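Asks: Could you look at this predicted model? Sequence included:
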Amino acid sequence: ARRSAARRAGPRPRADMGNSDSRAEFHGLVQAMTEEELAVDSPLWAAFFELQLDDPALFKAIQPDHVRRMLEEHPERLQTLLLKALRRMQDAVEEQLPSPAACRQALNAVRLFTRVLPFVLERAEDGLVDGMLWDPACHDEVTSLGQAIVSCVGRLLFLPGFTLAKSVPHPEPVPPPLCLAAGRRPGLRRASSMSGYEDEDTDTAEEESPPDMAQLVQRELLWFHGVGSLGFEPTDGPDGPAKDVVPDGSLNRNRLEVLRLLLVCQSAILFVPPNKCKPEDNKWIRAISLVDSSGGGIPFARELLCSLLNVVCTFDPVGWGVPYGSSLRSGKGETDFLDVCLHNLLVLLEVNSWSNIFCKLVEEVRSPLPFKLLFDHIVALLEAVPRAKMALLPGSVRPFASYQEVLVLLWKLLDCNKAFMTFVLDECDVTRVVGPICYFMWTGRKNASDVGLLHICTFLILLLSGERSFGVGLNRPYAQDLPLQGAPKMHQPNFGDLMVVVFHKIIVDGTPRLHSLFNCYMTVLSNISPYIKGWDKVSAMRLLSLFNRFSGRRFLSAAENNNQYIFFLLDVFNNAIQYQYEGNAPLVYGLCVEDQMVRRLVQLEFEDVVLTSPRQAESNGVGHGGPAGSDGAKTSEVEPAQPHFQPTREWFESWKSRLATGALVRMLDTLVPKVSALCTKEGGPPPEHELLQFIRNSTMVGLLPVPHPIVIRRYQPNHYTTIWFTTYTWGVIFLRNQDASIWDANKIRLFTINVIPNS
């Protein structure tokens, strides 16, 4: 059998063979491995790693059916191949300075793992696959194959001569801090012993502040200067990576290959249905990210996190600041490297718990210098998208395609590090984030493919709106410089006005798949309304339009929880007249003009709701698309009727009695007669600006009730949002890796893939 395989594969290939010869030889090797039995000591195994092949050639030679058939019929051959590949990587990391041949063989091993593992992970829950990867007894070793792969990947990412400059001394990984490895919050001191990490006696444990991450990073290993090295002098030496703005391109290419394998190792979750999605239980993720009292986690975790963040912070989407500068400065290789760094960051920070070393390391960052660096560069990447749209010369600014990943990264940084959120809100111009987010929401509101994008934008705004500083910061003037096609012109808008206009547009002119976000939009407006000094006339009219839409009798009776939007809008109006009355003359004037809208809600009776409910209307011969009561809104345009919901008197009284309309009615009772008298006096109504000035000069002191306490509703994570973030993150990663064809779309179970044919 070995002689037959040798004849089929031909002579042992040489490392210096031409590319076309290498492809043919490699194809013969794959055929021999899948069809013939090879001895463990056969020289053909070594031939897999000596050829010079790029990714496309290797991916074309090894087809998914090859791996699946071998796993099904000859799993021992597949295990032998993986062990041989692992040995090549181990040989490279054990050398002080690996030779070019060792680097080439390690790189081929990385590519082989990247190609083969996705099809093995399709059966990750299979006992055979689980034993092959995670049972050391299967290959007579102390460490399992999966854990050994993780260890080699971590070391390859920081290997001099391969992914680091040759002048860097051969590094050794530093174990995580004791408090991190023990799975406790920083502050409780832990005692170490030769056998591992043990708790001190509770009575003698003392609170101590853990050191900043930058004090523990091996700075000479960082790929770029930035997070982890700010405030320290760059490493001396001509090849020091801390000095290099753009290091040797071959280093980045090797880093990209290894990072792609790291991403593949964590991708078993793609083949699990959402109802069984538990990233923290995935053995690969546990081996890479999770630590316990015995240690664990990928080697050089601290340096890896800083390096990935610094790649994001050093990428320049604009170029040299001149037209077409980005095209001259960087190419596809640089954007591919950025993408794989972003994707790994998102997955490494996926499990937000105290057992995830990467989340703990993010929380260790407390210095303003890395905070400012991260914020400025994240904002610059997001701003590059509308900037490319506004460019005068066509194609002069290259579009930035990774904005979804950057938004998720921003979310994870804000969620993992509360000090970073405080810094962003108190020390930075938060409207620089709001502008691009509003642009994404405006342009993607009608596209079914952008529903996930609008969700992450909404969640970010919702998270920020729970802080007072965010609402105060929205009072900054908005220059109306975003390319929002069809957006109304406003007089003197602020960013709060921009958010109202965008939310209103999504509600009245967005895809029906965004109905679930309406509650979030109303929550945001309620949260920021006490701090907005004044709504512009255009945004005030949009708020009144939403109130008219949501207070319609037919809409209220269409679903059990439709009344919640009225409570949010009443909060907005009450906050405006009780906390910011003088600056909200346009809104007050609009309420006076539309006072019947408020009074109609106050006088609403249960019989009115029942007679105008969608099902009652259908029984009277009126369809969903017909008139919808006094407001003229169509239920189908706002939110579909809830199946099997029938309004009851108990349901009606449960929310009608809680409507906070007292302050509004008192204000209207006072102002409406005065405004009407001004408009009906001899000589005709006065100009609008005089009416607004009259409202500003009118005092409500002593007329309105005591201002109610400001209520802020904060985002609270739950199981369903956690699953959504996991699904969305991996959906973005899958779509952005179509060129590489790493995973088989037909085997993915985490989400549904719909192929839209080209028109």
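Replies: Perfect, thanks for sending it.
Asks: Just give the nearest non-adjacent residue to residue 444, would you?
Replies: Excluding its sequence neighbours, the residue lying closest to residue 444 (Cβ to Cβ, 6 or more residues apart in numbering) is residue 450, at 3.2 Å. Any C-beta I mention is one placed from the backbone N, CA and C, and that applies to glycine too.
Asks: so how far is residue 506 from the one you found?
Replies: Distance, residue 450 to residue 506, by Cβ to Cβ, to the nearest Å: 11 Å.
Asks: which phi and psi does residue 494 have?
Replies: Backbone torsions for residue 494, taken as degrees, to the nearest 10, come to phi -120, psi -180.
Asks: pLDDT score assigned to the closest residue in space to it that isn't next to it in sequence?
Replies: Using Cβ to Cβ, 6+ apart and skipping residues adjacent in sequence, the residue nearest residue 494 is residue 475, 5.1 Å away. On the pLDDT scale, residue 475 is placed at 97.
Asks: Distance of residue 475 relative to residue 424?
Replies: Distance from residue 475 to residue 424, by Cβ to Cβ: 17 Å.
Asks: which of those two has more neighbours?
Replies: The neighbour count for residue 475 versus residue 424, taken as other Cβ atoms under 10 Å, is higher for residue 424 (27 against 18).
Asks: so how far is residue 422 from the closest residue to that one other than its chain neighbours?
Replies: Using Cβ to Cβ, 6+ apart and skipping residues adjacent in sequence, the residue nearest residue 424 is residue 375, 5.7 Å away. Note on residue 375: its distance to residue 422, by Cβ to Cβ, is 12 Å.
Asks: more neighbours, the two?
Replies: Neighbour totals were compared for residue 375 and residue 422, and residue 375 leads with 22 against 14 (other Cβ under 10 Å).
Asks: OK, contacts around that one?
Replies: By Cβ atoms under 8 Å, 6 or more residues apart in numbering, residue 375 lies in contact with 423-424, 428.
Asks: can you check residue 227 too?
Replies: Residue 227 touches 214, 306, 309-310, 313, 365, 370, 373-374, counting by Cβ under 8 Å, 6+ apart.
Asks: Turn those residues into JSON lines, columns for secondary structure and pLDDT.
Replies: Shown next, in JSON lines, are these (DSSP: H, G, I helix; E, B strand; the rest coil; pLDDT from 0 to 100):
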{"residue": "214", "secondary structure": "helix", "pLDDT": "65"}
{"residue": "306", "secondary structure": "helix", "pLDDT": "94"}
{"residue": "309", "secondary structure": "helix", "pLDDT": "96"}
{"residue": "310", "secondary structure": "helix", "pLDDT": "95"}
{"residue": "313", "secondary structure": "helix", "pLDDT": "93"}
{"residue": "365", "secondary structure": "coil", "pLDDT": "90"}
{"residue": "370", "secondary structure": "helix", "pLDDT": "93"}
{"residue": "373", "secondary structure": "helix", "pLDDT": "95"}
{"residue": "374", "secondary structure": "helix", "pLDDT": "96"}
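Asks: Among those residues, list the two that are farthest apart in space.
Replies: 214 and 313 (14.1 Å; Cβ to Cβ).
Asks: and the closest residue to residue 217 other than its chain neighbours, what element?
Replies: Nearest non-adjacent residue to residue 217, counting by Cβ to Cβ, 6+ apart: residue 228, 4.0 Å away. Residue 228 is part of no helix or strand, with elements assigned from DSSP states H and E.
Asks: So what does residue 224 have for phi and psi?
Replies: Backbone geometry at residue 224, expressed as degrees, to the nearest 10, gives phi -140, psi 150.
Asks: Would you check that it makes contact with residue 312?
Replies: No: counting by Cβ atoms under 8 Å, residue 224 does not reach residue 312; the two are 9.6 Å apart.
Asks: any idea how far the residue nearest to residue 444 lies from residue 391?
Replies: For residue 450, the distance to residue 391 equals 22 Å [Cβ to Cβ].
Asks: Residue 356 too?
Replies: Where residue 391 is concerned, residue 356 sits at a distance of 40 Å (Cβ to Cβ).
Asks: likewise residue 660?
Replies: With Cβ to Cβ as the criterion, residue 660 and residue 391 are 48 Å apart.
Asks: Can you list the residue ranges for helices in the stretch 451-600 of the chain?
Replies: For the stretch 451-600 of the chain, the helices defined by DSSP state H, counting those that start in this stretch occupy 451-465, 468-473, 495-509, 518-528, 537-550, 553-556, 564-579, 585-593, 595-602.
Asks: Relative to its centre, which residue of this protein is most distant?
Replies: residue 682 (60.9 Å; Cα atoms, centre = their mean).
Asks: can you give me the strands in this protein?
Replies: For the chain, the strands defined by DSSP state E occupy 190-193, 196-199.
Asks: The ones you listed: lowest mean pLDDT?
Replies: Across the strands of the chain, strand 190-193 gives the lowest mean pLDDT, at a mean of 32.
Asks: List the contacts of the closest residue to residue 467 other than its chain neighbours.
Replies: Leaving out its chain neighbours, the residue that sits closest to residue 467 by Cβ to Cβ, 6+ apart is residue 425, at 5.4 Å. Residues near residue 425 by Cβ under 8 Å, 6+ apart: 464, 467, 469-470, 473.
Asks: quick one: average pLDDT of stretch 123-135?
Replies: Averaging pLDDT residue by residue across stretch 123-135 gives 88.
Asks: Ok, stretch 710-721 next?
Replies: 89.
Asks: just stretch 564-576 next, same as before
Replies: The average of the pLDDT scores along stretch 564-576 is 96.
Asks: Same check on stretch 598-616?
Replies: pLDDT averaged over stretch 598-616 gives 81.
Asks: how far is it from where the chain is centred?
Replies: Put simply, stretch 598-616 sits 42 Å off its chain's centre (Cα atoms, centre = their mean, to the nearest Å).
Asks: and what of stretch 592-605?
Replies: Worked out by Cα atoms, centre = their mean, stretch 592-605 lies 42 Å from the chain centre.
Asks: What of stretch 558-570?
Replies: 29 Å.
Asks: Dump the C-alpha coordinates for it into PDB.
Replies: The C-alpha trace of stretch 558-570 is given here as PDB (Å, rounded to 0.1, in the frame of the first residue of the first chain):
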ATOM      1  CA  ALA A 558     -53.800  46.400  18.300                       C
ATOM      2  CA  ALA A 559     -51.400  44.800  20.800                       C
ATOM      3  CA  GLU A 560     -51.200  44.500  24.600                       C
ATOM      4  CA  ASN A 561     -48.100  46.600  25.100                       C
ATOM      5  CA  ASN A 562     -48.600  49.300  22.500                       C
ATOM      6  CA  ASN A 563     -49.600  51.700  25.200                       C
ATOM      7  CA  GLN A 564     -46.000  51.800  26.500                       C
ATOM      8  CA  TYR A 565     -45.000  54.200  23.800                       C
ATOM      9  CA  ILE A 566     -47.400  56.800  25.200                       C
ATOM     10  CA  PHE A 567     -45.800  56.700  28.600                       C
ATOM     11  CA  PHE A 568     -42.400  57.300  27.100                       C
ATOM     12  CA  LEU A 569     -43.600  60.300  25.100                       C
ATOM     13  CA  LEU A 570     -45.500  61.800  28.100                       C
END
